[in-house]
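Asks: Predicted model, plus sequence, below.
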Amino acid sequence: MGKLFSSKSFTLIELLVVIGILAVLTATVILIINPMEYLRQTRDVTRMNDLGQINQALTVLESQGVTYFGTANTVYVSIPDNASSTCGSLGLPTLPPSYSYHCVTASNLQNINGTGWISVDFTQSPALAFSNLPIDPTNTTSTSLYYTYIPGGSWKLFAIVESNKYKPVAQNDGGTVSDAYEKGSNLTLGSTILLSGWIRVPGDSTFGTSDFWVMKYDAKCVQASNNTPLTSPDTGYHTYSNSSQPCTGSSYYIASTSGGYPIVNIDQPTSASYCISIGAHLITNNEWQTITWNVQNIASNWKNGVIGSTEALGGGLYRGNSNSLLAMDGSDPLSGTNTRTLTLSNGSVVWDMAGNVWEWINNTIIGNNEPTTASPGFTYRQFTAITNWGTMTQQTAGPLNSAWNSAQGIGQILSDGTASNNTTYGFLRGGPWNYSTFAGVEALNLMGTPPTVAAIAGFRCAR
């Protein structure tokens, strides 16, 4: 009778060979499972190392008595511009009136003698860890992936992180930009500009979107002279009346910030122009759906932690400030059903997409092409009741699961579909502070024409 096991043992060399093969296979499996995330992590490690080296060199220079670290209120970026020293050819986000960009040519970009993208002479430092000034591994405007340096008696360096692995590092580095890794002697510098208050959104092929950035909060108006978010002129509902004082010119700028009241009394075209003025665009319906489908698939965004649960059974998706008498700034997240924050799969947190003010979307539709039922006419409808989607589809208008409706806290749709209605309407999404179960991340209002202004309608930008 044969033996079940051989008495022969593995030699040490054979064991090492097996272990080596398993290590290679493991690494290969990781790359196959999520190669893009692995590449993002690699680039993020480079970013953190680069900024650490630059920060160390600046710290040594400071200890040697060097006092010049660049011009205050200037934003230095690692992207070259051969045509403009203020980066006018790059299409960077518009800065508040008191700030300006600084760029150098491609041939000087990585110089360390004060003529590079950071105008500091690093050759004075004996501890210099680089012979060429580091630049971001991607270094393009369109991705927002480039290095930024801001001086002002002290300094701050930051770079946006891409990977899920290093997102917590960025969120806990003591800086003001939740999606950026920040180093420096003063991490509050530039806290009201650039991507502070913006979050990165994972793209979704369902909607044809790549990764993009969106305002973390409803658009607010900021006083340029002191970078203070405004609460006046107030409509009486804790919203900023843009029709009373337009948020334009050298005295004001729009921003994504927790303070201040949401801008309202603004129509769709003006909302779009305001977004363009800061190098962004009014959020599109595909981008909105990319965000809302993402958050619907995260259990922590449901009141009882169960995806698809209903409010009647203690669950439902958070639907923000929708049971109130007034709008709110971003200082109180609320709780329970009316929790105002929603978390994305990459850990980013967005405010007030499910209630607070309606938000203009950069899309329009003809009334007779709107989703409807067998009985057309403007009214609120459950998404599950729609029998004719018109030129839209359940996917472009409705929730992640076609069986969900306002019972799950997603809101309802206000639409017409009358055959004789040839009027053009803009998209409004999310719902305002007093719409209860009509509000939610999928709430869609197709009754407002693009020139409409209302004390309950604001906007949000993306880039």
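Replies: Happy to help now that I have it. Numbers count the residues shown, from 1 in each chain.
Asks: Mind jotting down where the strands sit in the stretch 101-250 of the chain?
Replies: 148-151, 155-160, 180-184, 198-201, 212-215, 219-223, 228-229, 240-241 (DSSP state E, counting those that start in this stretch).
Asks: Need the mean per-residue confidence for the fifth one.
Replies: Strand 212-215 shows a mean pLDDT of 90.
Asks: With just CA atoms, put that strand into PDB.
Replies: These are the backbone C-alpha positions of strand 212-215, laid out as PDB (Å, rounded to 0.1, in the frame of the first residue of the first chain):
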ATOM      1  CA  PHE A 212     -13.300  65.400 -11.600                       C
ATOM      2  CA  TRP A 213     -13.500  68.000  -8.900                       C
ATOM      3  CA  VAL A 214     -16.600  69.500  -7.400                       C
ATOM      4  CA  MET A 215     -17.400  72.100  -4.800                       C
END
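Asks: What average pLDDT does the longest helix seen in the chain get?
Replies: Counting residues, the longest helix found in the chain (DSSP state H) is helix 35-63. For helix 35-63, mean pLDDT rounds to 92.
Asks: Where does the prediction get shaky in the stretch 201-350 of the chain?
Replies: For the stretch 201-350 of the chain, no stretch is flagged by pLDDT under 70.
Asks: gap between the very next helix or strand once past the longest helix of the chain and the chain center?
Replies: Later in the chain than helix 35-63, the nearest helix or strand by DSSP states H and E is strand 74-77. Relative to the centre of its chain, strand 74-77 is centred 21 Å away, using C-alpha atoms, centre = their mean, to the nearest Å.
Asks: Kindly report the same for stretch 452-461.
Replies: Centre-to-centre, stretch 452-461 and its host chain are 19 Å apart (C-alpha atoms, centre = their mean).
Asks: Please save the CA atoms from stretch 419-439 in CSV.
Replies: Provided in CSV are the C-alpha atoms of stretch 419-439 (Å, rounded to 0.1, in the frame of the first residue of the first chain):
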residue,chain,number,x,y,z
ALA,A,419,-47.1,67.1,-26.0
SER,A,420,-47.8,70.8,-26.7
ASN,A,421,-45.2,72.1,-24.3
ASN,A,422,-42.3,73.5,-26.4
THR,A,423,-40.7,75.6,-23.6
THR,A,424,-37.1,75.0,-22.6
TYR,A,425,-36.4,74.2,-18.9
GLY,A,426,-33.2,74.0,-16.9
PHE,A,427,-32.3,71.2,-14.5
LEU,A,428,-32.5,71.8,-10.8
ARG,A,429,-31.5,69.1,-8.4
GLY,A,430,-31.3,68.1,-4.7
GLY,A,431,-34.2,70.1,-3.2
PRO,A,432,-34.5,73.0,-0.7
TRP,A,433,-34.7,73.2,3.1
ASN,A,434,-38.5,72.7,3.4
TYR,A,435,-39.4,70.0,0.8
SER,A,436,-39.3,67.0,3.1
THR,A,437,-39.5,63.7,1.2
PHE,A,438,-39.7,65.6,-2.2
ALA,A,439,-36.0,66.4,-1.6
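Asks: out of everything not next to it in sequence, what's closest to Thr418?
Replies: Among residues not flanking Thr418 along the chain, Pro376 sits closest, at 4.3 Å (C-beta to C-beta, 6 or more residues apart in numbering). The way it works is simple: take the backbone N, C-alpha and C, and place the C-beta from them, glycine included.
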